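Q: pasting the structure only:
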């Protein structure tokens, strides 16, 4: 049970969102007590918690969303986001788009994008951005 409690404590403390250990084996060394040995582990962490956990995580590179290359502007905002308790997000959806939305709180940003789409201009939306928090 101490393995499970420690694993869960670390999971919560470092803001993991997913963890899978498979396979896991129990081994009994000749000269010691039984031990649990995770043979493979897959995990995801909450990128938005980097301002809380950057020191404990060490250097991590987060992939661009949806498997695409990150624009330099997105990287700049991501770097700013990592240094604040606020949430700063920028996704460039269409660099040739003619409608660049104002960055607002998450709810307002969604309303802007929905309204533009409802008016028939979804193909012209260039970005999605959010600012929320402190």
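A: Yep, it's here. Model, not experiment: these values are computed from the prediction.
Q: find the centremost residue of the protein, please.
A: By Cα atoms, centre = their mean, the chain has its centre lying nearest to residue 47, at 3.0 Å.
Q: so who does that one touch?
A: Shown in contact with residue 47 (Cβ atoms under 8 Å, 6 or more residues apart in numbering): residue 62. To be clear about C-beta, it is placed using only N, CA and C from the backbone, and glycine gets the same treatment.
Q: beta partners for residue 41?
A: Here residue 41 shows beta-bridge partners residue 21, assigned using DSSP bridges.
Q: so it makes contact with residue 21?
A: Yes - in this structure, residue 41 sits in contact with residue 21. The criterion is Cβ atoms under 8 Å, and the distance is 5.1 Å.
Q: of those two, which one has the most company?
A: Residue environment comparison for residue 41 versus residue 21 gives the larger neighbour count to residue 21, 14 against 11, counting by other Cβ atoms under 10 Å.
Q: so which bits of stretch 9-27 are buried?
A: Of the residues in stretch 9-27, those with enough neighbours to count as buried (16 or more other Cβ atoms under 10 Å) are 15-16.
Q: what do you get for stretch 62-75?
A: Under the neighbour-count criterion of 16+ other Cβ under 10 Å, stretch 62-75 has residue 74 buried.
Q: which residues of the protein fall in helices?
A: Applying DSSP state H to the chain gives helices spanning 2-13, 50-57, 72-81, 106-118.
Q: turn these into a markdown table, including distance to residue 130.
A: As requested, the helices of the chain are arranged in a markdown table below (distance: least, Cβ to Cβ, whole Å):
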| stretch | distance to residue 130 |
| --- | --- |
| helix 2-13 | 25 |
| helix 50-57 | 15 |
| helix 72-81 | 10 |
| helix 106-118 | 5 |
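Q: closest one to residue 89 among those?
A: Residue 89 lies closest to helix 72-81 among the helices of the chain, at 6.9 Å (Cβ to Cβ).
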